[in-house]
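[1] okay, sequence plus prediction incoming.
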Amino acid sequence: MVLCAVPVSTGVLAQEARTPPAPLNLPALGDSVGQDLSPRAERRLGDRIMRAIRSDPAVIDDPLVLEYVQALWDDLLRAGRQRGEIGPDLEDSHAWEPFLVRDKSVNAFALPGGYIGVHLGLMAMTTTTDELASVLAHELSHVTQRHIARMMGQQARTSWMSMASMVLGILAASRNPAAAQALIYGGQAATIQGQLNFSRDMEREADRVGFTVLSEAGFEPGGMARMFEHLQQASRLNDDGSFPYLRTHPLTSERIGEARARMGPDGWTQALRARPSEHQRTAWHALMSARAQVLMDPRSDALHRLATLTPPEGASALQRVRVHYTVALAKQRTGQTAGATAAMDQARQATLSLPASQQPLVWRILTLSEAEGLLEAQRPREAVAALKRPALASPMAAPEAGRPELLLNARLALAQPASGSQANQWRDAANQLQTHLSQHPHDAAAWALLSELWRRLEQPLRAIRADAEATAALGDLPGAIDRIQGAHQRFRRPDAADVIELSVMDARLKVWQRQQREDLRDDN
Ligand SMILES: [Zn+2]
């Protein structure tokens, strides 16, 4: 979990880690001491940790960045299945879900049950898709090789609560180091920190399995060795604790050497020759790492610095797009709306010099980002106009609309002033969200928007249910249960349609109550 790469930068953590663990007075996890945690038990543990951390402000849902990470992750998962690293039992029991952490340090970690935390700092620091994918493949391999289960099985005293408070400590550290220390004291998390690092053998295995998964998924296998070299170089330049990944993954020359050896004698020359199919990924990574750079540090001095960047002399078209995009996003977030629009125009201009295969993807990201910025600046009409800008005349098909479009459309529908035709737009947006939610029932952002749409459409019961789902998806089970119970109080004499809705709500209520009972049982 955490296992892979917990920042141990605070003095408290480092100190506490050396002392033997105090009895945590918490229940044993796992079926019995000395045995691996079963896949189901591991997932339950992971779910509980995620329930505790999901509503933390450092866990962010940026639809565009998440979509990119998810795409890389899906490719790796597919390869893991093909190679048999993910068998049917693991496939069904685990969540296999990456999530984003707003933190500028370079880090990624695997939690029990197949949840992978990716720091925005890691995305901002990697220069290619393959580098980022190599870290994801490594973390994925910790999960597939059951490293967490093996370690948990050996530590009967490790509880989900102590692991959750440790992760919360990581998240809090991204905002305020002092708060993180207080929390770590309170949660006793530090006492188990010393035991939660993977063994060297496990790390070596994750490198080896990760490498084969990476190659099988079609990524440049050189990405892993390049990532190591890149990390080593960058950390040499600044030894300020912003590379927690290195603390748990020391870059021995042996580790780099092995990564190189796996590539064979022609490895480096092959790695330098980008395949045409990688063109799109290259552009996608350039924009998403720029976005991560802007999102990872919300302080105004950091944003003002990014808002004044200019493309270096002789920059490639993609470098120019990336710089103008960074400037536009930074200006959006510092209230410079006109400047943001101008920078977006420059980015679009530079896009026209990109290879044709890259243009539609870049155009889409620029358009969505511009519309989002205008919406945030309370200019919904201009946002709609930005989305209607004609797409590129390009031989490549436009990229499919995805979750970013879905959420943005719903937000735009809600931002328009009420009118007769507006109700139709609300209904369309609600229908689209419902279709999406039938496939992705844990999408908290989509449920929250749907709730607001139902409220506007004067469907109070549906609005309450969607709100309860959003609350549960963020991990707040008591809040979700309260909402359903409140609805029963309010609708004592339901009509026929309400009866159906209420029975759906009751089914959900039972699920949440059961989960809550399980959580409480494990606390005592
Ligand atoms: Zn690792």
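    Received the coordinates, thanks.
[2] every contact and neighbour count from this point should use C-alpha atoms.
    Will do.
[3] ok, residue 352 to residue 318 distance?
    As for residue 352, its distance to residue 318 is 10 Å (criterion: Cα to Cα, to the nearest Å).
[4] so residue 319 sits right up against residue 309, yeah?
    No: counting by Cα atoms under 8 Å, residue 319 sits too far from residue 309 to count as a contact (11.7 Å).
[5] who has more neighbours, those two?
    residue 319 (18 against 13; other Cα atoms under 10 Å).
[6] show me what contacts the more buried one?
    Taking Cα atoms under 8 Å, 6 or more residues apart in numbering, we find residue 319 in contact with 286, 311.
[7] could I get the pLDDT score of it?
    Looking at residue 319, its pLDDT reads 97.
[8] now residue 147
    At residue 147, pLDDT is 87.
[9] let's verify residue 138: helix, strand, or coil?
    Three-state call for residue 138 (DSSP: H, G, I helix; E, B strand; the rest coil): helix.
[10] could you check the distance from it over to the ion?
    Applying Cα to the ion, to the nearest Å, the value for residue 138 to the ion is 6 Å.
[11] for that residue, give me its contacts.
    Residue 138 neighbours (Cα under 8 Å, 6+ apart): 206, 207, 209, 210, 211.
[12] now with 6 Å, please.
    206, 207, 210 (Cα atoms under 6 Å, 6 or more residues apart in numbering).
[13] for the last one, phi and psi?
    Here the main-chain torsion angles of residue 210 (degrees, to the nearest 10) amount to phi -60, psi -40.
[14] now swap in the one 3 residues further on and tell me
    For residue 213, the backbone dihedrals (degrees, to the nearest 10) come out as phi -60, psi -40.
[15] contact partners for it?
    Residue 213 touches 79, 80, counting by Cα under 6 Å, 6+ apart.
[16] residues from the stretch 101-250 of the chain in reach of the ion?
    residue 203 (Cα under 5 Å from the ion).
[17] point out where the stretch 101-250 of the chain drops to low pLDDT.
    153-162, 170, 172-197, 234-244, 246-248, 250 (pLDDT under 70).
[18] could you list the low-confidence segments of the stretch 351-500 of the chain?
    Low-confidence segments of the stretch 351-500 of the chain (pLDDT under 70): 391-400.
[19] can you pull out the helices in it?
    Assigned by DSSP state H, counting those that start in this stretch, the stretch 351-500 of the chain shows helices spanning 359-376, 380-387, 403-415, 420-439, 444-456, 460-473, 477-490, 496-523.
[20] what angle sits between the third one and helix 380-387?
    With axes from the mean of the first three to the mean of the last three Cα atoms, to 10 degrees applied, the angle from helix 403-415 to helix 380-387 works out at 150 degrees.
[21] now residue 145, what are its backbone angles?
    Dihedral angles of residue 145 (phi, psi; degrees, to the nearest 10) stand at phi -80, psi 10.
[22] for residue 352 and residue 318, indicate the residue with more neighbours.
    Between residue 352 and residue 318, residue 318 has the larger neighbour count (other Cα under 10 Å), namely 21 against 16.
[23] quickly note the distance from the more buried one to residue 293.
    Counting by Cα to Cα, the gap from residue 318 to residue 293 is 16 Å.
[24] which stretches in the stretch 101-250 of the chain count as strands?
    108-111, 115-119 (DSSP state E, counting those that start in this stretch).
[25] show me what the first one is packed up against.
    Contacts defined by 3 or more Cα pairs under 6 Å, 6 or more residues apart in numbering; DSSP states H and E place strand 108-111 against helix 2-5, strand 115-119.
[26] hang on, the earlier thing: how about CSV for the helices of the stretch 351-500 of the chain, with distance to the ion and mean neighbour count added?
    Output for the helices of the stretch 351-500 of the chain, formatted as CSV (distance: least, Cα to the ion, whole Å; neighbours: other Cα atoms under 10 Å):
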stretch, distance to the ion, mean neighbour count
helix 359-376, 32, 21
helix 380-387, 42, 18
helix 403-415, 30, 19
helix 420-439, 32, 16
helix 444-456, 29, 22
helix 460-473, 28, 24
helix 477-490, 32, 16
helix 496-523, 28, 14
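[27] dump these into a markdown table; add distance to residue 171 as well.
    Output for these, formatted as a markdown table (distance: least, Cα to Cα, whole Å):
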| stretch | distance to residue 171 |
| --- | --- |
| helix 359-376 | 25 |
| helix 380-387 | 33 |
| helix 403-415 | 25 |
| helix 420-439 | 28 |
| helix 444-456 | 19 |
| helix 460-473 | 19 |
| helix 477-490 | 21 |
| helix 496-523 | 22 |
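[28] for residue 57, which of those helices is the nearest?
    Proximity to residue 57 (Cα to Cα) singles out helix 444-456 among these, at 13.6 Å.
[29] what does the closest one contact?
    Here helix 444-456 has contacts from 430, 463, 466, 467, 470, 473, using Cα under 6 Å, 6+ apart.
[30] the fifth one and residue 80, how far apart?
    When Cα to Cα is the yardstick, residue 470 and residue 80 sit 31 Å from each other.
[31] and if you look at the last one?
    Distance, residue 473 to residue 80, using Cα to Cα: 27 Å.
[32] and of the helices of the stretch 351-500 of the chain, who's closest to residue 54?
    helix 460-473 (8.3 Å).
[33] and the closest one, how far out from the chain's middle?
    Distance, stretch centre to chain centre, for helix 460-473: 23 Å (Cα atoms, centre = their mean, to the nearest Å).
[34] tabulate the CA atom coordinates of it in CSV.
    Taking C-alpha atoms only, helix 460-473 is exported to CSV below (Å, rounded to 0.1, in the frame of the first residue of the first chain):
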residue,chain,number,x,y,z
PRO,A,460,-37.4,15.6,-4.8
LEU,A,461,-37.3,11.9,-4.0
ARG,A,462,-35.0,11.2,-6.9
ALA,A,463,-32.9,14.1,-5.9
ILE,A,464,-32.6,12.7,-2.4
ARG,A,465,-31.6,9.3,-3.6
ALA,A,466,-28.9,10.7,-5.9
ASP,A,467,-27.6,12.9,-3.1
ALA,A,468,-27.5,9.8,-0.8
GLU,A,469,-25.6,7.9,-3.5
ALA,A,470,-23.1,10.7,-3.9
THR,A,471,-22.6,10.8,-0.2
ALA,A,472,-22.0,7.0,0.0
ALA,A,473,-19.7,7.1,-3.0
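[35] can you list contacts of it?
    Here helix 460-473 has contacts from 442, 444, 447, 448, 451, 454, 455, 480, 483, using Cα under 6 Å, 6+ apart.
[36] stretch 200-207 now?
    138, 141, 142.
[37] just the CA atoms of it, as PDB, please.
    Taking C-alpha atoms only, stretch 200-207 is exported to PDB below (Å, rounded to 0.1, in the frame of the first residue of the first chain):
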ATOM      1  CA  ARG A 200      13.600  -5.800  -1.300                       C
ATOM      2  CA  ASP A 201      12.600  -9.100  -2.900                       C
ATOM      3  CA  MET A 202       9.100  -7.800  -3.400                       C
ATOM      4  CA  GLU A 203      10.400  -4.600  -5.000                       C
ATOM      5  CA  ARG A 204      12.500  -6.600  -7.300                       C
ATOM      6  CA  GLU A 205       9.600  -8.800  -8.200                       C
ATOM      7  CA  ALA A 206       7.400  -5.700  -8.900                       C
ATOM      8  CA  ASP A 207      10.100  -4.300 -11.200                       C
END
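[38] buried stuff in that stretch?
    Buried residues in stretch 200-207, counting neighbours by 16 or more other Cα atoms under 10 Å, are found at 202, 203, 204, 205, 206, 207.
[39] tally of neighbours for the residue nearest to residue 373 when sequence neighbours are not counted?
    Distances taken as Cα to Cα, 6 or more residues apart in numbering put residue 332 closest to residue 373, at 5.7 Å, once the chain neighbours are dropped. The number of residues packed near residue 332 is 24, by other Cα under 10 Å.
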